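Asks: No sequence on hand, only this structure:
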């Protein structure tokens, strides 16, 4: 077959075959060629009220919002309303849920309205499907925290008190673990992340926290500031993070401990001989 | 919204066992299945455990009927050894499924409802129609009768009630009559300015 623009006739014909229509009372349900993240094709609905031709997505977008909110975050409605604004969508209601639509009174403009509603709906559903999911990050952090806490409890010298949280002199900074004797302090900060950017954020927060600790009134008490690095995290990519980890090691005065070499941590705490 | 996964790696890995599972006669312990209002969901739902005599192999059939849309119903067969998600489905109404290219060209990838979903040897779930689900009188009857749809679902999945006949369904028809065939009949479309 020669390659020329007659090919678009074939493409147009095949794409055209993806459109289907069914009538339900005063409403048409039309399958469109717009592909959604769950492997279905977007359906739009056209109904007529007096002289208004109304084209809507039938509640598909609000279903996606509800599903996203149940598993990820609560800010989905706001994101979608911003997308709706940029497409100049109107908002109606059905069963107490938002219904996004556009309308016209001139039948010649229906296909243009359909184009806008399809473009909006596909964009909105894809945005939700690919939005970052903070819940995954929280679960990932919690998993490492549990393992690291358990490990610390097994290797810490018995006379050291193990706590976590804030230090009075450093309000606003939460430390993963604090090991104390009456006159000495070891600070351990867990470094983890379910993605490269979350991991980098964790490194940067730790670098800053340790810097703050060193310039504060508690500095004379500090024996070590120990970053405890989760080498099994999904976001741990040593070549990509090398520069940040190097800086973190410098800030912590060469006290960085990798989970994969966690026996080092025990030796850092051993210099807590009373 | 996460992508509803079409991919079942455990089925691909153990396909001979999965195929045997699908061909084996499976008995639903509850028939008739009584569809009840689940206030957390937009459907009436009933479930029945399914037995095929395989040790440690829990299976289940779900029957659902929409509260919001007249006539819309679905059946699902789950085999939890392979996946928490159903491994076979029937949808009477709803979105068209877009299969991956199988060599027949773009128009054939789109499968409208009513359709079944099954898992192929490569572990991918596809939608398909049997002859009675292509247009025609029998298709119209299936769309109007969940019991008839269940008969075909049972035939595709080799599931039956303890008496050997298709699973029976009980639905409170008074409640279902409140919904309208027109999915937008109760929708409000104000004439205010855009968002």
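Replies: Nice, I can see it. Worth saying up front: this structure is predicted, and the values here are computed from it rather than measured.
Asks: Buried ones in stretch B:151-159, by neighbour count?
Replies: Buried residues in stretch B:151-159, counted by 16 or more other C-beta atoms under 10 Å in any protein chain shown: B:152-154, B:156-157, B:159. For every residue, glycine as well, the C-beta is placed using N, CA and C.
Asks: And stretch B:49-63, by the same measure?
Replies: B:50, B:59-63.
Asks: Widest-spaced pair of those?
Replies: B:59 and B:63 (14.4 Å; C-beta to C-beta).
Asks: Return the nearest residue of the stretch 151-274 of chain A with respect to chain B.
Replies: residue A:194 (14.7 Å; C-beta to the nearest C-beta).
Asks: Which parts of chain B are helices?
Replies: Listed in chain order, the helices of chain B (DSSP state H) span B:9-13, B:15-23, B:137-144, B:146-157, B:173-176.
Asks: whoops, chain A was the one
Replies: So, for chain A - with DSSP H - the helices run A:7-16, A:60-71, A:76-86, A:110-130, A:134-155, A:196-214, A:238-251, A:263-270.
Asks: So which of these is nearest residue B:111?
Replies: helix A:7-16 (15.3 Å).
Asks: Find the centremost residue of chain B, please.
Replies: residue B:90 (2.6 Å; C-alpha atoms, centre = their mean).
Asks: I'd like to know how many residues surround residue A:162.
Replies: Residues within reach of residue A:162, counting by other C-beta atoms under 10 Å in any protein chain shown, total 14.
Asks: where in chain A is pLDDT low?
Replies: Along chain A, the parts satisfying pLDDT under 70 run over A:69-76, A:132-134, A:271-274.
Asks: Of all residues in it, which one is closest to chain B?
Replies: residue A:25 (3.1 Å).
Asks: what about the nearest residue to residue A:110 once chain neighbours are set aside, neighbour count?
Replies: In this structure, residue A:110 finds its nearest non-sequential neighbour in residue A:53, 5.5 Å apart by C-beta to C-beta, 6 or more residues apart in numbering or on different chains. When neighbours are defined as other C-beta under 10 Å, residue A:53 has 18 of them.
Asks: Now do the contacts for residue A:53.
Replies: A:46, A:103-105, A:107, A:110, A:113 (C-beta atoms under 8 Å, 6 or more residues apart in numbering or on different chains).
Asks: Restricted to strands, list these.
Replies: Using DSSP state E to define strands, the subset of these located there is A:46, A:103-104.
Asks: so who does the closest residue to residue A:101 other than its chain neighbours touch?
Replies: Counting by C-beta to C-beta, 6+ apart, the nearest residue to residue A:101 once its immediate chain neighbours are dropped is residue A:56, at 3.6 Å. The contact partners of residue A:56, taken as C-beta under 8 Å, 6+ apart, are A:44-45, A:47, A:92, A:99-102, A:117, B:184, B:187, B:189.
Asks: go with 7 Å
Replies: A:44-45, A:92, A:99-101, A:117 (C-beta atoms under 7 Å, 6 or more residues apart in numbering or on different chains).
Asks: In strands only, show me those.
Replies: A:44-45, A:92, A:99-101.
Asks: Could you work out the most separated pair of those residues?
Replies: A:44 and A:92 (13.8 Å).
Asks: circling back to that earlier point, now tabulate the buried residues of stretch B:49-63 in CSV and tack on pLDDT.
Replies: Shown next, in CSV, are the buried residues of stretch B:49-63 (pLDDT from 0 to 100):
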residue, pLDDT
B:50, 96
B:59, 95
B:60, 97
B:61, 97
B:62, 97
B:63, 97
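Asks: Quick check: of these, which lies closest to residue B:6?
Replies: Closest to residue B:6, out of all of those and judged by C-beta to C-beta, is residue B:62, at 18.7 Å.
Asks: Considering only helices and strands, which part of chain B has the lowest mean pLDDT?
Replies: Lowest on mean pLDDT, DSSP states H and E among the helices and strands of chain B sits helix B:173-176, with a mean of 56.
Asks: distance between stretch A:58-65 and the chain's centre?
Replies: 20 Å (C-alpha atoms, centre = their mean, to the nearest Å).
Asks: With stretch A:121-130 instead?
Replies: That offset, for stretch A:121-130, works out to 14 Å (C-alpha atoms, centre = their mean).
Asks: Can you point out the buried residues in that stretch?
Replies: A:121-129.
Asks: And the spatially closest residue to residue B:62 that is not a sequence neighbour, how far from residue B:85?
Replies: Of all residues not flanking residue B:62 in the chain, residue B:76 sits nearest, at 4.4 Å (C-beta to C-beta, 6+ apart). Distance, residue B:76 to residue B:85, by C-beta to C-beta, to the nearest Å: 9 Å.
Asks: Between these two, point out the one with more neighbours.
Replies: More neighbours surround residue B:76 than the other of residue B:76 and residue B:85, with 20 against 14 (other C-beta under 10 Å).
Asks: Show me what that one bridges to in the sheet.
Replies: Beta-bridge pairing of residue B:76 under DSSP bridges involves residue B:62, residue B:89.
Asks: same deal with residue A:27?
Replies: residue A:24, residue A:47.
Asks: Settle this for me: it is touching residue A:47, isn't it.
Replies: Yes: contact criterion C-beta atoms under 7 Å: residue A:27 and residue A:47 qualify, at 4.4 Å.
Asks: who touches both of those two?
Replies: Common neighbours of residue A:27 and residue A:47 (C-beta under 7 Å, 6+ apart) are residue B:184.
Asks: how about the residues of the stretch 101-250 of chain A that lie near chain B?
Replies: A:101, A:125, A:128-129 (C-beta under 7 Å from any C-beta of the partner chain).
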